[in-house]
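Participant: Sequence first, predicted coordinates after that:
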Amino acid sequence: MSIGSVLQTREIVVRIIDHPASKTFIQTRGTGKIALTTATGTQFVRFEDVSYCQAEGNYCSVALLSGKSVLLSKTLKWVEAHLPADRFIRVHASFLVSAIEVTSQKGDCLWLESGTKIPMSRSKRKEVLNRLKREKTCAVESK
């Protein structure tokens, strides 16, 4: 490896660390919160206050337990990477739900505490139901 490529690599790493998205993640790591940056500012939301997230193209809507919804200019994949995997389950290409909020499952849908019906993809169904059974977070329909 030449000195030029080492310096170039260092410059890229510095740019990544200085990027606003990286700072948001670094600042909230270990706090139990996620920084939701919108056009009007940044909200720091506790993980347990997030009910579910829904993809809307390159945007993501984060539904909070308070009934509010926050629209982010981030993808669902980005939000999923910044929420704890032990609390949230990807149940569909467009949905990420808080496992604690799931109360029941009927067919290809999950029901949340709020009464919200969330579709579950056929490809993820087995994995999702196994996890919910393991965690005993909801009544799971047997087939």
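Facilitator: It's in. Treat the numbers as computed from the prediction; the structure is a model and nothing was measured.

Participant: and the most centrally placed residue in the chain, what element?
Facilitator: Centroid-nearest residue in the chain: E80, 3.1 Å away (criterion: Cα atoms, centre = their mean). Per DSSP states H and E, E80 falls inside helix 76-82.

Participant: Mind listing what's buried along that helix?
Facilitator: Across helix 76-82, burial judged by 16 or more other Cβ atoms under 10 Å covers 76, 79-80, 82. Any C-beta I mention is one placed from the backbone N, CA and C, and that applies to glycine too.

Participant: Show me the contact partners of the helix or strand following that helix.
Facilitator: The first helix or strand that comes after helix 76-82 along the chain, using DSSP H and E, is strand 88-92. With Cβ atoms under 8 Å, 6 or more residues apart in numbering as the test, strand 88-92 has contacts from 50, 53, 80, 96-99, 102, 110, 118-121, 124, 128, 131-132.

Participant: can you check stretch 60-69 too?
Facilitator: 36, 45, 48-54, 70-72, 74-76, 78-79, 101, 113-114, 116.

Participant: Can you list which of these are found in strands?
Facilitator: If you go by DSSP state E, the contacts of stretch 60-69 have 36, 45, 50-54, 70-72 in strands.

Participant: ok so, going back, just the buried ones from the contacts of strand 88-92, in ChimeraX syntax?
Facilitator: Selecting the buried subset of the contacts of strand 88-92 in ChimeraX, with 16+ other Cβ under 10 Å as the burial test, is done by:
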select :50,53,80,96,97,98,99,102,110,118,120,124,128,131,132
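
Participant: returning to what we had before: mind saving the C-alpha coords of the helix holding E80 as PDB?
Facilitator: Coordinates of each C-alpha in helix 76-82 appear next as PDB, following Å, rounded to 0.1, in the frame of the first residue of the first chain:
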ATOM      1  CA  LEU A  76     -36.300   2.200   6.200                       C
ATOM      2  CA  LYS A  77     -33.000   0.300   6.000                       C
ATOM      3  CA  TRP A  78     -31.200   3.300   7.600                       C
ATOM      4  CA  VAL A  79     -33.800   3.500  10.400                       C
ATOM      5  CA  GLU A  80     -33.600  -0.300  10.900                       C
ATOM      6  CA  ALA A  81     -29.800   0.000  11.300                       C
ATOM      7  CA  HIS A  82     -30.200   2.600  14.000                       C
END
